[in-house]
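Peer 1: Here's my sequence, what's the structure:
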Amino acid sequence: APESLPETWDELFELAEDLTIRENGEIRQRGLYLNATDMWFNYPLIRYYGGYYYGTYPNGEYNPYDVGLDNEGMLLYVQKMKELKAKGFVLNNKSKKDYSEIVAEFASGRVAMLFYGLWDAKIYKDANIDYGIAPLPEAAKPITTVEGFVINNYTRNLPAAKAFLEFICRDENQQLLIEAGNSGALKTGMRNPLNLSVINSAYIQNDEILRSLSTIGCHVEPFPNIPEGTLWYSQEATINTFRSIFFGDSSGNEVDAAYKLNELAEFIRRNVYVMNEDVEYLEIPWYLYLIVGLLVLSSLVYWFYMRRKRRRRKKMDLKTTLFAWALLLPLLFLLGAFYLFPIFHNIYLSFTNYSGVNLRDYGLVGLANYREIFTTGIRGLLSMSLWTIIFALAVIALSFLFGTLLATLLDATGAKIAKIYRLIYIVPWVVPAVITLLMWQGLLETEGGLINKMLNLIGIGNVPWLTDPTMARIATILVMVWFSFPYYMLIAFGYLKAIPKDYYEAAKVDGASKFYVFTRITLPLIFRALLPTLIMGFIMNFNQFGVYMLTQGGPAADTMGEPGATDLLITFVFNTAFNTKRYAVAASYSVIIFIFVAVFAVLAMRGNRKRTEG
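Peer 2: Numbers count the residues shown, from 1 in each chain. Okay, the predicted model is just below:
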C-alpha cells in the first residue's frame, strides 16, 4: 500500500502503474480498473478535463440547455481514457455496462483501485478483502444523488406535510433512517448521512468505512434535481455513445469522437427542448368523431343482432337474471377499476401534454402527440412494428413446433421416462423470468460467456451474441423460445391423447414415414386445437418486456435517438415514458399498440370461430 494518498490525477495514474503486476506479458494485477462506457463514476475525471453535464445560471440554478459534453475538455477526457485502455486499466468488454466484472476482479485481489460505491461491500467482506475508502485527487467531487422530502405548491394537506417533515428531520429519526439503510450492525455503506449529528455519532465514527464515506459525502456534487436531470439515461444515451467511441460502432468500425460527443449533446438538448416545449394544440376533426361514433354504434347494433339471432335454450325469469347480475357486480367493479379505467385513462392522457414538467397542470393538445408519431417518429414506428411482428411470430412458431415435436417424442416413449423428461423440460417455464434472463445474459456474454468458452474449445471464435444487431435478434428469439416451448409441449402432450389412433394406423398401412405422419397428421391437428392459445401467445410476445431485461433494446442504433436493434414497441414506450418523461407520447404509442393488438385478436378469433363452425 502507498505511504500517502495521491494528491493529483497524474500521481493517481502513476500509482496505478506502480501497483500493476505483469508476468510473461500478461497483467496479473491491475493498479486501476475503470468502465469507459460509464459516466457516473468517471464524472470527477470528466469534470477535471473540462466536461460537464449541465451548466448553471448566474443564480446557481441548473441550466439544462447548457450541456458540456461536446467541448474540448471532453475530447481530452476521451484521449486519456484511450491511453488508460491501452495500458489495460479499462474494462475491455463493450457489452458490459455494469461493474460486476470489475467488482469480481477487485474481490479476487486482481485489482488495486476502482471508482465505485459500496453496493458490493458484502462480497468484499466475504472474500476477506482489506480495503479502504479514499477521497479523489485534487479535491474532485464525485456526483451523488440526494434522497429527501420536498414541500412545494402542489403539496396536499400542508400542515400534515410540514409536521411529517419536522418529524423525519429530527436527529434521532435521521439516525434510525441511516442505520436501517445500512442494515444496522452490518454497516453496508449503502446510505450516507447528511445530518451532522448522525455523522458525528458513534455508529458512523467507530467504523472506518462509514467514517471515510461520510467525510467524502461532505464534498460531493449533487445530481441535478430537475425534471431534465435523468436525460443522460435516455435510451442509455451516454453508455451507447462512449461504447461506440471506445469500442467502435455496431459494425466494429472506429468512430469520430468529436462527432459522437456532439451527437450526444445535441440529443440531450433536443430532449430538454421537447420536454419543455409548449405543445401546439391540434384540433380533432369532426369527421373523426363521426367515424368513431359510427364504429361504436355499428358494434353495438351487431352485438344486439347476434344476441337476438342466437336462440336461448332456456329463458331465465327476471328475478334469476337480477340475482345473477348481482353476483357478478364485484367482478364487474374490479374489471372496471383495474382494467377498463386504466385503458380509457391512458387514451385520455394520449390527447394531453402530460410529462415530467407538466405533472399537475397538463391540458388537452388534441392529436398533437399522434401527429408527432406519424411524422417525425414514423420511421422508428415502422421499423419497430416490423421487428415486433417478426419477433412475436418467430417465437410463437418455433415454440409451437419445438413443443409439439418434444411432446410427440415423449408420447412415443415409456410413461415413466416421459414423466421424468416432462419435469426436466418444464424447468425453463417455472423458474422466475428475472433469474433466467440474468443467467442468459451471462451465458451470451461475448467476452467470458460460457457459450463462447465452449465454442472456443472446438476452435470457434467469440460470437457477438448480444453486441451484433443480427445476432442479438436471433439470440433474443431463441432465448424467448426456450422460455415458452415447455408450455406448448405440455398442452400438445394432452391433445395427442385425443387424436384418433385410426389416423396413425391408416398412415402406417399406407407406408407413411414418421416425418410425413408428424407434418401431415399430428402438427395440423394440434395446430387447430391450439390456435386460440397461439393467438394469445402472439399477443403476449407482442408486448414481451423480457427482451428489455435481456438486451435493454440494444445493440444501440448508430444514429442517436433511433430504436435499438432489439427494441420492441413496448420497450420503446418504456424508454419514452421513464427516460424522457414524455408520458403523453408514451400513452399515444400504447394506444396504437392496443388498437393493433385488439383488431388482430378480434379478426383472428372470428376466423378461428368460422373455421370451427364450418
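Peer 1: where does this structure have low pLDDT?
Peer 2: 1-2, 233-235, 307-316, 414-418, 422, 612-614 (pLDDT under 70).
Peer 1: just the strands in it please.
Peer 2: Along the chain, counting by DSSP state E, strands occupy 21-23, 26-29, 54-56, 62-67, 143-144, 221-222.
Peer 1: so how many other residues sit close to Glu172?
Peer 2: Counted by other C-beta atoms under 10 Å, the residues lying close to Glu172 total 8. Heads up, the C-betas are built off the backbone N, CA and C, glycines and all.
Peer 1: So which residue is smack in the middle of this structure?
Peer 2: Tyr548 (4.1 Å; C-alpha atoms, centre = their mean).
Peer 1: out of everything not next to it in sequence, what's closest to that one?
Peer 2: Excluding the flanking residues, the one nearest Tyr548 by C-beta to C-beta, 6 or more residues apart in numbering is Thr571, at 4.2 Å.
Peer 1: re the thing from before, now the strands of the chain in JSON lines, with distance to Val103 and mean neighbour count?
Peer 2: What follows is those, written out as JSON lines (distance: least, C-beta to C-beta, whole Å; neighbours: other C-beta atoms under 10 Å):
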{"stretch": "strand 21-23", "distance to Val103": "19", "mean neighbour count": "11"}
{"stretch": "strand 26-29", "distance to Val103": "15", "mean neighbour count": "13"}
{"stretch": "strand 54-56", "distance to Val103": "29", "mean neighbour count": "15"}
{"stretch": "strand 62-67", "distance to Val103": "30", "mean neighbour count": "18"}
{"stretch": "strand 143-144", "distance to Val103": "19", "mean neighbour count": "16"}
{"stretch": "strand 221-222", "distance to Val103": "24", "mean neighbour count": "14"}
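Peer 1: Lys96 and Gly442 touch, don't they?
Peer 2: No: in terms of C-beta atoms under 8 Å, Lys96 does not count as a neighbour of Gly442; the distance is 10.6 Å.
Peer 1: Neighbour count: these two, which is higher?
Peer 2: Higher neighbour count among Lys96 and Gly442: Lys96, with 20 against 12, using other C-beta under 10 Å.
Peer 1: circling back: mind checking how far the residue nearest to Tyr548 is from Ala324?
Peer 2: Distance, Thr571 to Ala324, using C-beta to C-beta, to the nearest Å: 42 Å.
Peer 1: Between those two, which is the more surrounded one?
Peer 2: Thr571 (25 against 10).
Peer 1: so what's that one up against?
Peer 2: Going by C-beta atoms under 8 Å, 6 or more residues apart in numbering, Thr571 touches Phe545, Val547, Tyr548, Gly553.
Peer 1: wait, which of those is closest to Phe515?
Peer 2: Nearest to Phe515 among the contacts of Thr571: Val547, at 33.2 Å, using C-beta to C-beta.
Peer 1: The closest one contacts Leu568, doesn't it?
Peer 2: Yes: Val547 lies in contact with Leu568 (C-beta under 8 Å); the separation is 5.6 Å.
Peer 1: shared neighbours, those two?
Peer 2: Common neighbours of Val547 and Leu568 (C-beta under 8 Å, 6+ apart) are Phe391, Gly553.
Peer 1: Who has more neighbours out of these two?
Peer 2: The neighbour count for Val547 versus Leu568, taken as other C-beta under 10 Å, is higher for Leu568 (28 against 25).
Peer 1: how close does the residue lying closest to that one once chain neighbours are set aside get to Ser350?
Peer 2: Distances taken as C-beta to C-beta, 6+ apart place Thr388 nearest to Leu568, at 4.7 Å, with adjacent residues excluded. Going from Thr388 to Ser350 by C-beta to C-beta gives 19 Å.
Peer 1: counting contacts, what elements does the longest helix seen in the chain pack onto?
Peer 2: Longest helix of the chain, by residue count under DSSP state H: helix 378-412. When contacts are defined as 3 or more C-beta pairs under 8 Å, 6 or more residues apart in numbering; DSSP states H and E, helix 378-412 packs onto helix 415-425, helix 469-496, helix 523-542, helix 569-578, helix 583-613.
Peer 1: Let me have those in TSV, adding distance to Lys162 as columns.
Peer 2: Output for these, formatted as TSV (distance: least, C-beta to C-beta, whole Å):
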stretch	distance to Lys162
helix 415-425	59
helix 469-496	50
helix 523-542	47
helix 569-578	30
helix 583-613	29
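Peer 1: Relative to Asn157, which of those is closest?
Peer 2: Judged by C-beta to C-beta, the one of these that comes nearest to Asn157 is helix 583-613, at 25.0 Å.
Peer 1: And the closest one, what's buried?
Peer 2: With burial defined by 16 or more other C-beta atoms under 10 Å, the residues of helix 583-613 counted as buried are 583-593, 596-597, 600, 604.
Peer 1: Repeat that for stretch 405-421.
Peer 2: The neighbour-count check on stretch 405-421 (16+ other C-beta under 10 Å) flags Leu405, Leu406, Ala407, Thr408, Leu410, Ala418 as buried.
Peer 1: Among those, which pair sits farthest apart?
Peer 2: Farthest pair in the buried residues of stretch 405-421 (C-beta to C-beta) is Leu405 and Ala418. Separation: 14.1 Å.
Peer 1: quick one: the nearest residue to Val481 once chain neighbours are set aside and Tyr57, what's the gap?
Peer 2: By the measure of C-beta to C-beta, 6+ apart, the closest residue to Val481 outside its immediate chain neighbours is Leu398, 4.6 Å from it. Counting by C-beta to C-beta, the separation of Leu398 from Tyr57 is 56 Å.
Peer 1: Between those two, which is the more surrounded one?
Peer 2: More crowded of Leu398 and Tyr57, by other C-beta under 10 Å: Leu398, with 18 against 9.
Peer 1: Can you verify my assumption that the more buried one contacts Val479?
Peer 2: No: the pair Leu398 / Val479 is not scored as a contact, 11.4 Å apart, by C-beta under 8 Å.
Peer 1: Give the burial count for the residue nearest to Leu568, as a bare number.
Peer 2: Using other C-beta under 10 Å: Thr388 sits among 23 other residues.
Peer 1: pretty sure it is touching Thr566, no?
Peer 2: No: at 10.2 Å, Thr388 does not count as touching Thr566 under the criterion of C-beta under 8 Å.
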